[in-house]
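In: the sequence isn't on hand, but the structure is:
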């Protein structure tokens, strides 16, 4: 009977048993996520807008301690939505963006933080009914900038209802509840689409 080295036992003991579910992400970005988010942030920071540019937006991490949690702001909304924002004394729509540790292979969770609104593709608590934010609609090649332009277009093209409590913020937790309802009603969005 041959004796195996102790290191082999240690390696085998760290392997999950067959059928063990994958662990839930702890919120620590993988090296691939950090690399991609860093590149995306550099690209966004090189984009310059005038104060009156109709496509003006900002995006980036909320604090240096959590590179997976970002905030984006859409300025200079035009048409109906621009008028409503001005009536409320607001100059932008603020989005929250939570990137999974496995980004860019999984989509970010994006929600409208403020103002409180609903209609079109935006649910009451800020979740967005937008296939591109689901596993089947997401592609790792999508840049954050392109995603934000798509979201802005969906919001701009919708007749949004603004809540009387427009100055309150939608929490990520409440938006995720709405997003679970969205995903339950779009079961075809559950699985990633194979792209060639």
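Out: Alright, I've got the coordinates. In this text the structure is predicted, and so the values were computed from the model without any measurement.

In: quick one, strands of this protein?
Out: Assigned by DSSP state E, the strands in the chain fall at 57-63, 66-75, 92-98, 109-114, 117-118, 161-162.

In: can you tell which of the ones you listed is closest to residue 130?
Out: Residue 130 lies closest, by CB to CB, to one member of those: strand 109-114, at 8.1 Å. Where C-beta positions appear, they are placed from N, C-alpha and C, glycine not excepted.

In: give the buried residues for the closest one.
Out: 109, 110, 111, 112, 113, 114 (16 or more other CB atoms under 10 Å).

In: now stretch 44-54
Out: In stretch 44-54, counting by 16+ other CB under 10 Å, buried: residue 44.

In: what distance do you get for residue 158 to residue 38?
Out: 33 Å (CB to CB, to the nearest Å).

In: the two: which has the busier surroundings?
Out: residue 158 (16 against 12; other CB atoms under 10 Å).

In: do you know how far the more buried one is from residue 120?
Out: Residue 158 is 2 Å from residue 120, where distance means CB to CB.

In: quick one, helices of the chain?
Out: 6-14, 31-46, 79-87, 144-156, 172-185 (DSSP state H).

In: output those helices as CSV; include the columns distance to residue 98.
Out: Listed next are those as CSV, based on distance: least, CB to CB, whole Å:
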stretch, distance to residue 98
helix 6-14, 29
helix 31-46, 12
helix 79-87, 24
helix 144-156, 13
helix 172-185, 6
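
In: just these: most buried one?
Out: Ranked by mean neighbour count under mean count of other CB atoms under 10 Å, the helices of the chain are led by helix 144-156, which reaches a mean of 18.

In: ok, and what's touching it?
Out: 40, 43-44, 47, 55, 57, 59, 72, 74, 77-79, 81, 93, 95, 97, 108, 110, 112, 120-122, 128, 130, 132 (CB atoms under 8 Å, 6 or more residues apart in numbering).

In: could you check the angle helix 79-87 makes with that helix?
Out: Angle, helix 144-156 to helix 79-87, by axes from the mean of the first three to the mean of the last three CA atoms, to 10 degrees: 90 degrees.

In: how far off helix 31-46 does helix 144-156 point, in degrees?
Out: 70 degrees.

In: from here on, count from 36
Out: Got it, the first residue is 36 from now on, which makes the last one we talked about helix 179-191.
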